[in-house]
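Student: Sharing a model that was predicted from the sequence below.
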Amino acid sequence: LPQTWEDPSKSGFNGTVGDNDPLDVMELGGRTCAVGEVRQVKVLGDLELIDQGELDHKILVVDVSDPLAPKLNSAADLRGVMPGVTELLVEWLKMYKTTDGKPVNALASETPSGSARAAQVVAECHESWKALKARGAGATGFWIG
């Protein structure tokens, strides 16, 4: 994936705005990733988390070298190839901040979008990052070198 930024000046689902961060990616393959590791991935879909009123896309991907990659072309394929994974992801995304005393998160939909829509989100957020880089970080505190 290219460099991305969820622009808080842009509205998304139900009037929510971007969370002012790069896109979050959830790799669904069987191999553990090292921090900062770069891999070639296939975009499968997108879950739209609503986190404290902000839209926080979770881009679902699989490493192209994963044995399951040839069978996965969209989030819809997860049901047949990796039964139960989508439901586990949704449950985890809803609950993961409750251990910090925060409320249960909401999702725009518990069904991930397909690969085409997710690729569109990636492209839009890459354009937002390019615009941020061109104008400079200003008071955001970001390092965009």
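Tutor: Good, I have the coordinates.

Student: Show me which positions of the longest helix belonging to the chain end up buried.
Tutor: In the chain, taking DSSP state H as the definition, the longest helix is helix 115-135. By 16 or more other Cβ atoms under 10 Å, the buried positions in helix 115-135 come out as 115, 117-119, 121-122, 124-126, 128-129, 132. The way it works is simple: take the backbone N, C-alpha and C, and place the C-beta from them, glycine included.

Student: same deal with stretch 20-39?
Tutor: Neighbour-count burial for stretch 20-39 flags 23, 25-29, 39 (criterion: 16+ other Cβ under 10 Å).

Student: Let me know the closest of those to residue 49.
Tutor: For the buried residues of stretch 20-39, the minimum distance to residue 49 (Cβ to Cβ) is 10.6 Å, reached by residue 26.

Student: List the contacts of residue 136.
Tutor: By Cβ atoms under 8 Å, 6 or more residues apart in numbering, the contact set of residue 136 is residue 144.

Student: and it, how far is that from residue 90?
Tutor: For residue 136, the distance to residue 90 (Cβ to Cβ, to the nearest Å) stands at 38 Å.

Student: And for residue 47?
Tutor: Residue 47 is 7 Å from residue 90, where distance means Cβ to Cβ.

Student: Spell out which residues are contacts of both of the two.
Tutor: residue 107.

Student: Which one's more surrounded, those two?
Tutor: Using other Cβ atoms under 10 Å as the criterion, residue 47 and residue 90 rank with residue 47 on top: 24 against 19.

Student: that's a strand at that one, yeah?
Tutor: Yes. Read with DSSP: H, G, I helix; E, B strand; the rest coil, residue 47 is one of the residues of a strand.

Student: in terms of contact, does it touch residue 58 like I think?
Tutor: Yes. The criterion here is Cβ atoms under 8 Å, and residue 47 meets it with residue 58 at 4.4 Å.
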